[in-house]
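In: Okay, predicted coordinates and the sequence, questions at the end:
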Amino acid sequence: MHPLNFNFLLKGIILGFCIAAPVGPIGLLCIRRTLQYGRLSGLMSGLGAAFADTIYGFIAAFGLTAISNLLLKNQLFLKFFGGCFLIYLGLKTFLSKPAENSNKVFHSNLTSDFVSTFFLTITNPMTILSFVAIFAGVGLSEESENYFNSSFLVSGVFLGSAIWWLILSEVVTFFRKKLSQKVFGWINRIAGLLIALFGLIAIFYSIEQFFK
């Protein structure tokens, strides 16, 4: 690998890690699912978000303005539906009962874990603007000679994000074995309320902007 390509890959890994690290609704879902169903459920939830971020990074890096403009034009509707979905997940989390033995619970619906967080992340098209600003900051333009470097940068974004979700799911798994059923119940309630609150904020923002 050329040193310049490795440099862009490394930058992408750092960017992906930093973008994924702040704890928002996706982080809460990942933590809660890891506690409830185990590390694989939490990791798949995180990878759904990582894949959506990678798609937005791809759009920003390769200058696909038609797609980005379409998404930004409809961002209020996307935020509204994303907020509704967050409220649904929040209520579902709040009302869910912890398994009697969380260390032995079986969870097979990993595809749903992936798709739900992918949908939540992809309904936030403002991410494109973040990637455009970040990529400009690391020296990428829309010139064709930079497409190869862009590929390494976008690949690094996915790897960095995936590394964060792997670390988070492993850390939460470690503490999972030490928590009582009562604590699991409170975690479900608190996480559910916070996730629903994120949804309400998204809906309020979309409605407010729509009537401006």
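Out: Done, it's in.

In: Three-state assignment for Asp113, please.
Out: helix (DSSP: H, G, I helix; E, B strand; the rest coil).

In: pretty sure it contacts Gly48?
Out: Yes: at 6.9 Å, Asp113 and Gly48 qualify as touching, with contact defined as CB atoms under 8 Å. Placement of C-beta: from N, CA and C, glycine included.

In: quick one, which of these two is more surrounded?
Out: Neighbours per residue (other CB atoms under 10 Å) separate Asp113 from Gly48, with Gly48 holding more: 27 against 23.

In: who's in contact with the more buried one?
Out: Taking CB atoms under 8 Å, 6 or more residues apart in numbering as the contact definition, Gly48 lies against 113-119, 121.

In: ChimeraX command for the buried members of the residues you listed?
Out: Here is the ChimeraX selection string for the buried members of those, based on 16 or more other CB atoms under 10 Å:
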select :113,114,116,117,118,119,121
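
In: Of the contacts of Gly48, just say which sits nearest to Lys212.
Out: Nearest to Lys212 among the contacts of Gly48, counting by CB to CB, is Thr121 at 25.3 Å.

In: That closest one and Leu47, how far apart?
Out: The spacing between Thr121 and Leu47, counted by CB to CB, to the nearest Å, is 11 Å.

In: quick one, helices of the chain?
Out: With DSSP state H as the criterion, the chain has helices at 3-20, 25-37, 39-61, 65-73, 75-95, 110-122, 126-137, 147-176, 181-210.

In: if I look at the spatially most central residue of the chain, how far off is Leu89?
Out: Centre of the chain computed as the mean C-alpha position; nearest residue by CA atoms, centre = their mean is Ala49, 3.1 Å away. Ala49 is 13 Å from Leu89, where distance means CB to CB.

In: same deal with Glu170?
Out: In this structure, Glu170 lies at 23 Å from Leu89, with CB to CB as the measure.

In: Equivalent analysis for Phe51, please.
Out: In this structure, Phe51 and Leu89 are 18 Å apart, going by CB to CB.
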